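> predicted model, plus sequence, below.
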Amino acid sequence: MAIIGSIPRRCVNLPPGSLSSLISCTISGRLREGPAIKKFCKEFGDWLGGAHVLGAASGRSAFQLALEALGLEKGKEIVFPIFTFPVMPMVAKMLGYKPVFCEVDPMTFNSGPEHIAPKINENTGAVLATHLFGQPCPIKEIATLTRKRGVRLMEDCAHACGVRMDGRLVGTFSDVGIFSFAEGKNMPCYGGGAIATADEEIARRAAEILSKANMPEKKAILKKGADIWLKWLITRPEVFGLTVYPVLRLKMLMGQDLMDSDVGEELLESFAASNPQVVRMNNLQAEIGLRQIKRIDAFNEGARQNARMLTENLAGLSGIGVPRSADGEHIYVYYPLTVASTRRNDLRRYLLKNGFDTKITDMSDCQLLKQFHDSSAEEDRSGPREASILEICVYPVISEKSIRRLARVIQSWVQRS
Ligand SMILES: Cc1ncc(COP(=O)(O)O)c(C=O)c1O
């Protein structure tokens, strides 16, 4: 059993000092309100190149804030990529808008203007362009299209914080950029999210909405903070091998599920039942955010190098699809490996046996979910595309040696099959 050197599906990337921030904010009574919130919004905005930044409690809450601040007429259509995190179109639906889905490029998983243009009509209010898995979509061309057609453009940067196109950070090419600081993302802040905008009017309306919004109670912030710190601890490769990894192996042996979280329709049901509201960012999240701004570029560079090495080592391997690098940078906040959907679980088990835990993606083929099903839409696909994706962690906490070993394990799986 490869306990030593085993690699978790996700490594929580908390910055040094996160535990002391948790303790000091608790002792000083600054878990909720505090000076870090304003400071973080200013510094994150400066880092983005001069945007207005407004903090929220999560990426989905930030999206709700963006939609409410845009103030589109109810009933308007919002165009989403068909393959995305389904909670985002669900937020739009719950606010009274109609999600409409456009195709994505099978290699980059992103939509471009050629996919979005046919979905724009006189009832379209906005487009949410998404930089999926950390790879930038052709945002400049999309912005040209939406400007020409007179619709609003938003960017989902949940997977792409710190990705640049021609030196400019994603999230700044549209009316509103949306960021997530959840524990699985590259810039976790004990949860959190933000919107960024250069539009004074959107910023003013968002600030007004936030001034009336709630913030979780101290106990809930503390519980979430402790929970995420614990996840940070058990996702250190050295600790993971002695704790979660043996449990996963045992579960696999007993034919049980591998601690997978809800996806697709189940995820949407629990989200809808939670009665989502715009919730404000808290002071603890902002303190961690201030620490993260200083290290995010170096962190992303390390993840990028690991992803590049993995791609190089898997190139040309029969039956294994590696993400194609688009223009601009990528970070692969999750590295999406593609195999035949009938073989994905076999590869997942083989990797786990050899010390590599992987994740079933949270992204969904939205048109296939009952919450969005549209019988008038043409369906020419054979099955959900998420069934052929495994997400692999390539964060810099994983050594070059482990990445090379991972590539060898995948090569040996291909040879034996
Ligand atoms: C593409 C995408 N957008 C938005 C979100 C929402 O972020 P949060 O979980 O912080 O609400 C996620 C979360 O996984 C995501 O994957």
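That came through fine. Just so we're clear, the structure is a prediction, and the values are computed from it rather than from any experiment.
> what are the ranges of the helices in the stretch 51-200 of the chain?
59-70, 87-94, 113-116, 139-149, 200-211 (DSSP state H, counting those that start in this stretch).
> and this protein, which residues reach the ligand?
58-60, 84-85, 88, 130, 156, 158-159, 180, 182, 193, 362 (C-beta under 6 Å from any ligand atom). In short, each C-beta sits where N, CA and C put it, glycine included.
> against residue 168, how distant is whichever residue of the stretch 51-200 of the chain sits closest to the ligand?
Closest residue of the stretch 51-200 of the chain to the ligand, C-beta to the nearest ligand atom: residue 59 (2.5 Å). Distance of residue 59 to residue 168, given as C-beta to C-beta, to the nearest Å: 21 Å.
> so between these two, which is more surrounded?
Shown here are residue 59 and residue 168; by other C-beta atoms under 10 Å, residue 59 has more neighbours (27 against 14).
> ok, back up a step: most tightly surrounded among the helices of the stretch 51-200 of the chain?
helix 59-70 (a mean of 26; mean count of other C-beta atoms under 10 Å).
> quick one: that helix to chain centroid distance?
16 Å (C-alpha atoms, centre = their mean, to the nearest Å).
> OK, contacts around residue 404?
Residue 404 is in contact with 309, 313, counting by C-beta atoms under 8 Å, 6 or more residues apart in numbering.
> so it is in which element?
helix 400-416 (DSSP states H and E).
> mean confidence for that helix?
Averaged across helix 400-416, pLDDT comes to 97.
> list the buried residues in that helix.
Of all the residues in helix 400-416, those buried under the rule 16 or more other C-beta atoms under 10 Å are 402, 403, 405, 406, 407, 409, 410, 413.
> and if you look at stretch 285-299?
Applying 16+ other C-beta under 10 Å to stretch 285-299 flags 285, 286, 287, 288, 289, 290, 291, 292, 293, 296, 299 as buried.
> and the helices in the stretch 251-400 of the chain?
264-273, 283-293, 296-314, 344-353, 400-416.
> got a markdown table for the buried residues of helix 400-416, with distance to residue 206 too?
Listed next are the buried residues of helix 400-416 as a markdown table, based on distance: C-beta to C-beta, whole Å:
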| residue | distance to residue 206 |
| --- | --- |
| 402 | 42 |
| 403 | 41 |
| 405 | 46 |
| 406 | 42 |
| 407 | 45 |
| 409 | 47 |
| 410 | 44 |
| 413 | 48 |
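> including mean pLDDT, could the helices of the stretch 51-200 of the chain go into CSV?
Below are the helices of the stretch 51-200 of the chain laid out as CSV (pLDDT from 0 to 100):
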stretch, mean pLDDT
helix 59-70, 98
helix 87-94, 98
helix 113-116, 98
helix 139-149, 98
helix 200-211, 98
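> just put those in CSV and tack on distance to residue 244.
What follows is the helices of the stretch 51-200 of the chain, written out as CSV (distance: least, C-beta to C-beta, whole Å):
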stretch, distance to residue 244
helix 59-70, 25
helix 87-94, 25
helix 113-116, 39
helix 139-149, 37
helix 200-211, 37
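> from residue 307, how far out is the residue in the stretch 251-400 of the chain that the ligand sits nearest to?
In the stretch 251-400 of the chain, the residue that lies nearest the ligand is residue 362 (5.6 Å; C-beta to the nearest ligand atom). Noted for residue 362: a distance of 19 Å to residue 307, by C-beta to C-beta.
> these two - which one has more neighbours?
residue 307 (25 against 19).
> show the residue spans covered by the strands in the protein.
52-56, 77-81, 83-84, 98-102, 124-130, 152-156, 164-165, 168-169, 176-180, 193-197, 335-338, 359-360, 364-365, 389-392 (DSSP state E).
> how many residues are close by residue 185?
25.
> point out where the chain drops to low pLDDT.
1-2, 325-328, 375-383 (pLDDT under 70).
> mind redoing it with 90?
1-5, 106-107, 323-332, 373-385, 417 (pLDDT under 90).
> domain-wise, how is it divided?
Domain segmentation of the chain under automatic domain parsing yields 18-211, 237-255+295-416.
> highest mean neighbour count out of the ones you listed?
domain 18-211 (a mean of 21).
> measure that domain end to end?
Domain 18-211 has an end-to-end distance of 27 Å (criterion: C-alpha to C-alpha, to the nearest Å).
> hmm, residue 86 and residue 267 touching each other?
Yes: at 6.7 Å, residue 267 and residue 86 qualify as touching, with contact defined as C-beta atoms under 8 Å.
> now do the contacts for residue 109.
81, 83, 132, 133, 135, 323, 336, 363.
> I misspoke; the intended subject was residue 191.
57, 58, 181, 182, 183, 224, 228, 285.
> okay, these in JSON lines with distance to residue 355 next?
Shown next, in JSON lines, are the contacts of residue 191 (distance: C-beta to C-beta, whole Å):
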{"residue": "57", "distance to residue 355": "36"}
{"residue": "58", "distance to residue 355": "32"}
{"residue": "181", "distance to residue 355": "29"}
{"residue": "182", "distance to residue 355": "26"}
{"residue": "183", "distance to residue 355": "23"}
{"residue": "224", "distance to residue 355": "30"}
{"residue": "228", "distance to residue 355": "25"}
{"residue": "285", "distance to residue 355": "33"}
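> among those, which one lies nearest to residue 204?
residue 57 (20.7 Å; C-beta to C-beta).
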